[in-house]
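J.: sequence unavailable; structure follows:
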């Protein structure tokens, strides 16, 4: 009797295992078919070896992932609990979940550029919610898709069970498996060769399929066109640059800023020294208009690049090409179109004398953008309310440049705070109060680039109405946000901001986002929790926003890819 039970158990177990092999085989075919979606999300390889590698790694990798699902989940369950109904039902549910996850991953990859993973869960959930809000039937379609796949699993499960003897006699599956095994070894050997020879056409496919080869920063940046493919080996020590020509900077068309006559000015008060939250708190106490303290302001650039970020609202990687086009920033185009003035005043204790001249002796590349350029030794001639309030409507930038050897009563910081006090006091005497922006600009050292700063936006009650209920904005902001904010809310321009700017209108900024910039050392990316510098060798240097200190974390490639998408927004929008 014991012998009979043992034989019956063994026969039943072998029958279930044989069924599960065929059930897995059909799921391998299904997974390969569904995963073809990944191939259409990328540009096709240009070389024969790249094309053959793409096909072989696709079919073999998806077959391997499906087979491992059987080995890790279904096979152990079959050994532990060899109940026919339990195993067949569990197998259908397991592979239904796997195929649904494959579809979700393919969709996420086509939209965000990376696969489903824990570190990008917030972005993925946000994308799904956004799609669900735009399409009311999203969840209904998703549910129907799950039912269809589950039905398919029950069908092939039932077919494999009822026709197991006939299937065991067939030989076509052996040829399919042999092809998959050969493809598996060929793709791996090809990748080893490509890695040794730096064959870009093969290596750029590393991130196409889920759970594939570990990505590297170099191949990812190359894949997204931030390196020149023709100089793959040499570019390890080169600054980031686009591998193709960037589009022309736009020119403002007539009537795009058709707004009533502007009677208010914008004062941009900037300093090259870092400011702290306590200083902004003291400034806020003197204000009777709307004020919005930006607590997570991103400014990654050194001074020359920082001015470009401010005026053109684009990352630094565009600077050389955009300036070579000799096209004025859209904000200044709009000022001239509406007949508004612009002035730049440089306050520097190092100046030997005051000078109201065409260009300051400390010449900046952007001074020709302004109609008036003035260089002063101190603020003594500026702090009169009558003078400040009688400026012509327009854009007025006052920049405080530090003087290392200046006495305390002439230092940049001391002069800066006195001028802010005078400007805010003068505003109290105006019926039509002006928009004021106060912040530091640039970084005197590389060490401060990964930390977030603060900035202050002051606006009259009837002007910018931010959606926040309090006067603090905790979402990430940057200097690139200033131009689109002023273009829409001050000058009344109705433009697609993504075509001329990488910034966002601060009045509509309600959710977290990723902000990125470039530097000679690499790519700098920020999210709400941390900032990361990815250098030319693929090293990740991370900085915690909460701890305000360097941290050691795993390489966050999804964050890096989000940063690349931010950098490329201007190019992608204008190439459509």
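T.: Looks like it arrived, so ask away. Owing to the predicted nature of the structure, the values given are computational and were not obtained by experimental measurement.

J.: roughly how far apart are residue 43 and residue 204?
T.: Separation of residue 43 from residue 204 (Cβ to Cβ, to the nearest Å): 9 Å. C-betas here are computed from N, CA, C, even on glycine.

J.: which of these two has more neighbours?
T.: residue 204 (20 against 7; other Cβ atoms under 10 Å).

J.: okay, that one: pLDDT?
T.: Per-residue pLDDT puts residue 204 at 78.

J.: what about it, distance to residue 112?
T.: Distance, residue 204 to residue 112, by Cβ to Cβ: 17 Å.

J.: same check, this time on residue 126
T.: Using Cβ to Cβ, one obtains 10 Å as the distance from residue 126 to residue 112.

J.: who has more neighbours, the two?
T.: Remark: of residue 126 and residue 112, residue 112 carries more neighbours, 17 against 14, as counted by other Cβ under 10 Å.

J.: test my guess that that one contacts residue 127.
T.: Yes - the pair residue 112 and residue 127 passes the contact test of Cβ atoms under 8 Å, sitting 6.7 Å apart.

J.: tell me which element residue 166 is part of?
T.: Using DSSP states H and E, residue 166 maps to helix 164-169.

J.: for that helix, what is the average pLDDT?
T.: The pLDDT scores in helix 164-169 average 89.

J.: ok, and what's touching that helix?
T.: Applying Cβ atoms under 8 Å, 6 or more residues apart in numbering, the contact partners of helix 164-169 are 15, 18, 19, 22, 160, 173.

J.: tell me the SS of the spatially closest residue to residue 397 that is not a sequence neighbour?
T.: Residue nearest to residue 397 in three dimensions, not counting chain neighbours: residue 268, with 4.4 Å by Cβ to Cβ, 6 or more residues apart in numbering. Going by DSSP: H, G, I helix; E, B strand; the rest coil, the secondary structure assigned to residue 268 is strand.

J.: biggest helix in this protein by residues?
T.: As assigned by DSSP state H, the longest helix anywhere in the chain is helix 2-34.

J.: and that one, what does it pack against?
T.: Under the contact definition 3 or more Cβ pairs under 8 Å, 6 or more residues apart in numbering; DSSP states H and E, helix 2-34 sits against helix 48-69, helix 75-80, helix 84-112, helix 138-162, helix 164-169, helix 172-197.

J.: at 7 Å what do you get?
T.: Helix 2-34 is packed against helix 48-69, helix 75-80, helix 84-112, helix 138-162, helix 164-169, with contacts defined by 3 or more Cβ pairs under 7 Å, 6 or more residues apart in numbering; DSSP states H and E.

J.: in the helix holding residue 166, which residues are buried?
T.: By 16 or more other Cβ atoms under 10 Å, the buried positions in helix 164-169 come out as residue 167.

J.: also stretch 563-576?
T.: Neighbour-count burial for stretch 563-576 [16+ other Cβ under 10 Å]: 563, 564, 565, 566, 567, 568, 569, 570, 571, 573.

J.: and if you look at stretch 148-159?
T.: For stretch 148-159, by 16+ other Cβ under 10 Å, it's 149, 150, 152, 153, 154, 156, 157.

J.: coming back round to it: what is the neighbour count of the residue nearest to residue 397?
T.: 19.
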